[in-house]
Each structure stands twice: as structure tokens, then as C-alpha cells.
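K.L.:
here's my sequence, what's the structure:
(chains A and B)
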Amino acid sequence: MNQLLYSKLGSLIKVEPSLATSIGQIQLDRPVMLASGILGISLDVFNRLYRSGAGAVVTKSLSKEPWEGYPNPTIFSVKGDGWINAVGLSNPGAPNFAKMIQPNQDVPIIVSLVGSIPEEFEMMIKEFKNCKVVAYELNLSCPHVAKVGLEVGDDPELVKKIVTTVKNTTNIPVIAKVGLGTTHYLNTVSTAIDSGIDAITAINTVRAMAIDVETQRPILSNKFGGLSGSPIKPIALRCVYEISSKYDIPIIGCGGISTWEDAVEFFLAGSSAIQLGSAVGDNWVNVFDEINKGILQYMKRKGYSKITDMVGLAKKS
Amino acid sequence: MQRNHNHPTIVTIEKIIDETPTVRTLVFSDEIMSNVLPGQFAMVWIPGINELPMSIMISKESGKAAFTVRKHGSASTGLFNIKVGEQIGIRGPYGNSFDIKEGKLLLVGGGTGLVPMMRLLTFVKPTDDVTILIGAQSKGEVFFEDLANSLLENNPHQVIVSTDDGSYGEKGFVTDLVEKLVSETHFDAVYVCGPEIMMYKTVQSAHSRGMFVQASLERMMKCGVGICGSCCVGEDLVCRDGTVFDGQHLSSNKEFGHFHRNKAGVLENY
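P.N.:
A predicted model of the protein is given here:
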């Protein structure tokens, strides 16, 4: 009833809706972010994405040292829709990267970190002490590199140690990015929350593969990769809904989002911001503004003044 | 069903032409690749070895296309060693292409950078006056000279070869020749593809004189579709915004001509 009144009032006084959102302590002007692993190696590109409508950019997952990643083919287009990638977390390493983003003033940058032991995360965070960073995102879910990512996320003891160490190292908010591994992802979420995590990004790509029937061999050089894009959207949406139903923790939805309707679905399921990656490959950088515009029109139509007005609404009984 | 250009299509190599001891042209049948625009590229999968971006070479036969590869790293050597009858995967075409101008045209190519230039020559009009500069280190590295002449047989044209060591054609760097030509003659368009320094100097020479100039850039690529970010040059992605960029745009790019990124994404000097 209140909702209805508010909605009517909103349309009467013509409140211009705002795309601003907050994920716990993280304040963003717009709710659509670039997901980790996509395009994230140059500050010039970050600036361009921000100008194109991204509310924040999440960097490639950074390791202590530079990583070359796997040989090509590192990406495969699934017939119908979606991508399978095994880029192999190639990145210039945290020290090089910190130097590169040091001049940043304008772009809300979320630094994604990948490692095997707590000390690595601690060392990397110290590299960014002179950089403007809005949050750290811990990659506990990359499904195609040994000893890091999902292999860490699947180990509750290690998750606890890493999150605790990182929270003791920095005052900047820390997000855990979870995915579907051998340990139930809700256990990983629960462990991360108990260890003091500030927010959850759900989900990462889903372990997958592709075989070419002519040459009769796996296409990706790593054989296995992570499935992204539209095929995983319903799974990601289910995870966001489950997390938000079970825990009181800010959530960033991620997985196959390519339209404003997708984004709104994730808000309704309980996430207060979203990330996208594959959609950039399909629609290029215009995708951010297109989704922002669509969300705004939806908000006008429904009489919402801010994103949080619709977060979790699908859970109403 | 319409072909998904992001999905690899398997083709069989039908013919191999040895251009020089280190450069080969591999011919295959593919209607779509035979009709691409100059500057566009394909991601080429050598099963079990690697995948790399390749500019799509023309073939004299209709319905066919080719890749001209110099053996260099493991991926290009893998492609170079492919035999007739063996299969490769191709996806694309990707990227934009050269703007086709009319009048007095200058094309500058070095090594396999000549591939998009050969395709560009198939788009010139009979009235165009075309000068093509072929740069090579030495006589043994020169290729496509005869092909350029035959493609231009109906045009007023000039094919000029320069070698760094003077063992064939004019002696010296091709960029010195470019500087000389553009200082003497106004060209309606200058097109360049080759080593980055060659492109940088050519763009400088032409752009500083107000001439329209475009370069087709090369960078390390993984995805080819604007996801991985490996091929970024400043704020531009070669796979998605290029491969062809205007001199005007390149003149304001801080990385063009100076830096490229290695496989880890670390900036390295040229």
C-alpha cells in the first residue's frame, strides 16, 4: 500500500529518478559496472568506459607478479549465445598496475585481486596505498586457473584467512566474488560474511568446455574455461536471490546481463548494483548507456526515485 | 543457418605459395573471407598450436581467400608450417577498413603489412593514380611486387621497392622515401600498414602536411572481439575500434608509435 502511495506521489511531483546506488559503504553514481577480466589494463580505457556510462570499473584480477595467461585460443563463442574463455588471468601484476592507475582522479576503480595465500593479498593491497580505489574485489571464483580463484573459494579455511587478513590490511570496502565450485557457494558466502566481508559479487563464469568436431579436439588451449553471457543469467539470478534471501549483505549481481531488463531483474532479486562483461563483446561500450537509459525509463514508469527502491522487491510474498 | 562470425569455421588449405624463404601465402575457399574489406582481419586457429589475428589476403580465384604469414613466434611458425590438405579454424571478419578515396593515392607497406594494401588495390578506380611503396630489409625479403603491378595494370601507377641495405630497388628506409614523396606531391590519401615505427613516421609525414592518412595497426590479440583488452592502444582497442585509424586520431594517441603491451599487458617500448 505504501509502495502504491509512494509510486503515485512520485508520478505526481515528477521526481527525476537517480541512478545512484550504494553497495554498503561503496557509493556509485550509476549501478552498471564493468566486470573483472574485461578490457581492464589501461587507465585510458577506464576513463572511456566511465564516460560511456559505467558506474565503476573492476580491474582484471591482479596477481603479485605479471601473468601471461594461456596461449590462444583463449575464447570461444558458443553457438546461439555466450562465450567460454580461458584467458588465464593474464595481468600486468599489482605493482605495475598500481603505477598505471596512480594518476586516476575521476574513475571509480574496484581493484580485483587473485592469489593463493593471505600474504599475497596483503602485499598487493599495500601497492595501492597511493591510488584512488573505491573497493577491492577478491577473486574467489575464477574456474580455470590452478591454486587460485575457485580453488581458493572452495576452501573455507583459506577464505576465512584471506578475508580476515585483507580486512585487517585496509579500511577500503572489500567484496568477495563467488562462483559455482565444489563447495556450495552459499558456504563460501557465509564464511566470507563471518570473516567481515563488506559485499558479495555473484557469480563468476561457470566451468565449461567446447570441442571442435572437424578436428576432434578441445578448442581452448586450456581445454576448460568459464562460460559467460546469456546462458548463465538465470543461474546467476537464482544465486543472487538465494544470497539475498538468506543473508543481510550487499550484493553485486553478475552473469549474462546484457539489457536493462536483465539489470532490473537482478535488482529485484536483491542486488544493489550489477556487473557485465560479455555484453561488451556483443554490443561494445555503448551497452552501459543503453542499460542506464532503460533502467531510468523503468524507474520513471514505476515511480522509483532511487535504485534501492526496487532492490529485493521480487522477494515479497 | 547463417554463419555466426564469432564461431570458428574450419577450412582446408588448398594451395601454398612461397613468397620468400620466411613468408608463405596459404589459400583456402571461403566466400565470406574472399569478400572482406581492406584492413579487416580474421582470428586464425591452428589446432593444437595457437590462434592469431591475420589480415585477410586476396586470392586470384573467386570464392577464395588467403593468409600471408611470416614465421616469427610459435603461433606464426605453426601457421607457416601448415601443409596442403590440413585444416585451420577461422572466425571473423573483424574490424573496420580503410576509407576508399579517389585521385592520387599513396600506399605504403612493409612485410606482411602489404596484405591489406593488396586488397586495397582491388578497390581502386581506373582513374586513380596509385603509387605503392614496398619496404623490405633486403632483396630476399621483397614480395608482392609483381602482384602489385598486375593489380594496377589498368591504372596510372608506380610500384617502388626500397630495401634498407640497397640490395634491391632504392636504398634506404621506406619512411625516408615517404617523406620525400609527400614533400614533393600532394596525395589525396595515404595508406600505411607495416612495422609500427614505419606507420608512425608515415602518419607524421602525411598528417603534418594536412594529407588524409590512415594506418592499420597491429597488436597482440587474444579474443579479437573487444573483451580481453590485450590490444588496447591508449583508449582504443585495435580489434574493435580499428584496425584502421585516421592520422588525425593517431596523432593524439600517446601510445601509438611508442609503446605496445606484452602478453601480461605490461607496456613495453618499441
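K.L.:
stretch A:38-56: end-to-end distance?
P.N.:
13 Å (Cα to Cα, to the nearest Å).
K.L.:
how near is B:Lys15 to chain A?
P.N.:
20 Å (Cβ to the nearest Cβ, to the nearest Å). Yep, even glycine has a C-beta here, placed from its N, CA and C like the rest.
K.L.:
what about B:Gly48, neighbour count?
P.N.:
10 (other Cβ atoms under 10 Å in any protein chain shown).
K.L.:
in contact with it, which residues?
P.N.:
A:Thr215, A:Arg217 (Cβ atoms under 8 Å, 6 or more residues apart in numbering or on different chains).
K.L.:
again with the one 10 residues further on
P.N.:
Taking Cβ under 8 Å, 6+ apart as the contact definition, B:Ile58 lies against B:Ser34, B:Ala65, B:Ala66, B:Met118, B:Arg119, B:Thr122.
K.L.:
for B:Leu133, see how far away it is.
P.N.:
Note on B:Ile58: its distance to B:Leu133, by Cβ to Cβ, to the nearest Å, is 19 Å.
K.L.:
sorry, back to before: quick one: which of the contacts of B:Ile58 sit in helices?
P.N.:
Secondary structure assignment by DSSP state H places B:Ser34, B:Met118, B:Arg119 of the contacts of B:Ile58 in helices.
K.L.:
in a markdown table, list these along with pLDDT and distance to chain A.
P.N.:
Conversion of the ones in helices among the contacts of B:Ile58 to a markdown table gives the following (pLDDT from 0 to 100; distance: Cβ to the nearest Cβ, whole Å):
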| residue | pLDDT | distance to chain A |
| --- | --- | --- |
| B:Ser34 | 97 | 20 |
| B:Met118 | 98 | 25 |
| B:Arg119 | 98 | 24 |
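K.L.:
any chance of those residues in JSON lines with neighbour count as columns?
P.N.:
Below are these laid out as JSON lines (neighbours: other Cβ atoms under 10 Å in any protein chain shown):
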{"residue": "B:Ser34", "neighbour count": "17"}
{"residue": "B:Met118", "neighbour count": "21"}
{"residue": "B:Arg119", "neighbour count": "22"}
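K.L.:
for those residues, which one is nearest A:Leu113?
P.N.:
Nearest to A:Leu113, judged by Cβ to Cβ, of the ones in helices among the contacts of B:Ile58 is B:Arg119 at 44.5 Å.
K.L.:
correct me, but the closest one touches B:Ile56?
P.N.:
Yes - here B:Arg119 reaches B:Ile56: they are 7.2 Å apart, a contact under Cβ atoms under 8 Å.
K.L.:
pLDDT at B:Val124, what is it?
P.N.:
Per-residue pLDDT puts B:Val124 at 97.
K.L.:
please report how far it lies from chain A.
P.N.:
With Cβ to the nearest Cβ as the criterion, B:Val124 and chain A are 31 Å apart.
K.L.:
over to B:Ala42?
P.N.:
B:Ala42 is 13 Å from chain A, by Cβ to the nearest Cβ.
K.L.:
helix, strand or coil: sort out the residue lying closest to that residue once chain neighbours are set aside for me.
P.N.:
Using Cβ to Cβ, 6 or more residues apart in numbering or on different chains and skipping residues adjacent in sequence, the residue nearest B:Ala42 is B:Gly92, 3.8 Å away. With DSSP: H, G, I helix; E, B strand; the rest coil as the basis, B:Gly92 sits in strand.
K.L.:
gap between B:Gly92 and chain A?
P.N.:
11 Å.
K.L.:
per-residue pLDDT, that residue?
P.N.:
Taking B:Gly92 on its own, its pLDDT is 96.
K.L.:
surely it and B:Gln40 touch.
P.N.:
Yes - here B:Gly92 reaches B:Gln40: they are 7.0 Å apart, a contact under Cβ under 8 Å.
K.L.:
which neighbours do these two share?
P.N.:
Going by Cβ under 8 Å, 6+ apart, residues that sit against B:Gly92 and also against B:Gln40 are B:Ile56.
K.L.:
was I right about A:Ala94 contacting A:Leu113?
P.N.:
Yes - here A:Ala94 reaches A:Leu113: they are 7.2 Å apart, a contact under Cβ under 8 Å.
K.L.:
now the common contact residues for these two.
P.N.:
A:Leu62, A:Met124.
K.L.:
middle-most residue in chain B, spatially?
P.N.:
Centroid-nearest residue in chain B: B:Gly113, 3.4 Å away (criterion: Cα atoms, centre = their mean).
K.L.:
quick one, grab the pLDDT at that residue.
P.N.:
Reported pLDDT for B:Gly113: 97.
K.L.:
what about the closest residue to it other than its chain neighbours, how many neighbours?
P.N.:
Spatial nearest neighbour of B:Gly113, chain neighbours left out: B:Gly194 (3.3 Å); criterion: Cβ to Cβ, 6+ apart. Using other Cβ under 10 Å, B:Gly194 is surrounded by 25 other residues.
K.L.:
ditto for the one 3 residues further on
P.N.:
Applying the criterion other Cβ under 10 Å, we find 14 residues in the vicinity of B:Ile197.
K.L.:
picking that back up, got the phi and psi for the residue nearest to the centre of chain B?
P.N.:
phi -60, psi -10 (degrees, to the nearest 10).
K.L.:
next up, the contacts around residue 114.
P.N.:
Because you didn't say which chain, this covers chain A. Here A:Val114 is in contact with A:Ser61, A:Leu62, A:Ser63, A:Leu89, A:Asn139, A:Cys142, A:Val145, A:Val148, A:Gly149 (Cβ under 8 Å, 6+ apart).
K.L.:
actually it's chain B I care about, not the one you picked
P.N.:
Contacts of B:Leu114 (Cβ under 8 Å, 6+ apart): B:Thr68, B:Ile134, B:Phe143, B:Phe144, B:Ala148, B:Cys193, B:Gly194.
K.L.:
switch the cut-off to 7 Å
P.N.:
B:Ile134, B:Phe144 (Cβ atoms under 7 Å, 6 or more residues apart in numbering or on different chains).
K.L.:
ok, A:Gly196 - how many residues close by?
P.N.:
13.
K.L.:
no wait, B:Gly85
P.N.:
Neighbourhood size, B:Gly85 [other Cβ under 10 Å]: 8.
K.L.:
next one: B:Met198
P.N.:
Under the criterion other Cβ under 10 Å, the count of neighbours that B:Met198 has is 24.
K.L.:
that one and B:Ile134 touch, don't they?
P.N.:
No - look at B:Met198 against B:Ile134 with Cβ atoms under 7 Å: they stay out of range, at 11.5 Å.
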